[in-house]
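Trainee: Quick check, what structure comes out for this input:
(one chain, ligands or ions: 1)
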Amino acid sequence: MKITQHEDSAVAYHAVDPQELTRVLDSGVDHVGNPVDSFTDREGGWPLRCCLTDSRPGDEIAIIAFSPFGWTSPYRETGPVVVHTRDCPGHDGLFPTQFEDRDQIVRAFGDADGRVNTQIYDQHRFVRAGDGLVRAIDQILTDPRVREVHLHNVIAQCFSFAATRADR
Ligand SMILES: [Zn+2]
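Mentor: Coordinates of the predicted model:
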């Protein structure tokens, strides 16, 4: 997973891993074996997980099954994400501000041995739109048991992005 540090933030935000995404797109097969079916976006507004922006009309995109986990465990999930299939500008490591206006589930993952999260269920949160998502992420990541958080949409349950402490 790409780690980008910023002097003004103790938290690094992560889109889906660009190297793994490139591998998937080059292979033409997603993480559960579906062919990557790229199409030209006519309307715009798809929530992209490669650069954490919303798509614009004319973008080449695909909906693929992708696991945003850099490790193996029973908690390793695979789900649908929308990504650019070409000309992705990449992600800058900053908080994607449009998520402040979207209800999100924050899931915490622990450190070291297997990064199993059963001991830190108390750090999982439901953060409503406008209720301070950045602050919630920062608070959860101050718990030394937490190594990483994953954010998901509440209704569709799609992976949104991940966050880690920039100094770890
Ligand atoms: Zn992109």
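
Trainee: Tell me, how many residues neighbour the nearest residue to Asn34 once chain neighbours are set aside?
Mentor: Of all residues not flanking Asn34 in the chain, Ala65 sits nearest, at 6.0 Å (Cβ to Cβ, 6 or more residues apart in numbering). (Glycine included, C-beta is placed from N, CA and C.) Neighbour count of Ala65, defined by other Cβ atoms under 10 Å: 16.

Trainee: go on, Phe95?
Mentor: As a burial measure, Phe95 scores 20 neighbours (other Cβ under 10 Å).

Trainee: May I ask you to confirm that it belongs to a strand?
Mentor: No: assigned with DSSP: H, G, I helix; E, B strand; the rest coil, Phe95 falls outside any strand and is coil.

Trainee: mind listing what's buried in stretch 40-49?
Mentor: Within stretch 40-49, the residues scored as buried using 16 or more other Cβ atoms under 10 Å are 41, 46-49.

Trainee: picking up where we left off before, would you agree the residue nearest to Asn34 is in contact with Pro35?
Mentor: No: contact criterion Cβ atoms under 8 Å: Ala65 and Pro35 do not qualify, at 11.0 Å.

Trainee: What ranges does the chain have for its helices?
Mentor: Per DSSP state H, the chain carries helices over the ranges 18-27, 133-141.

Trainee: so can I have TSV of these showing distance to Phe69?
Mentor: Below are the helices of the chain laid out as TSV (distance: least, Cβ to Cβ, whole Å):
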stretch	distance to Phe69
helix 18-27	10
helix 133-141	17
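
Trainee: Packed most tightly, which of those helices would that be?
Mentor: Sort the helices of the chain by mean neighbour count, taking mean count of other Cβ atoms under 10 Å, and helix 133-141 sits at the top with a mean of 19.

Trainee: Not counting its own residues, what contacts that helix?
Mentor: 10-11, 95, 99-100, 104, 106, 108, 123, 125, 127, 146, 149, 151, 163-165 (Cβ atoms under 8 Å, 6 or more residues apart in numbering).

Trainee: Since that was my last question, I'll sign off now.
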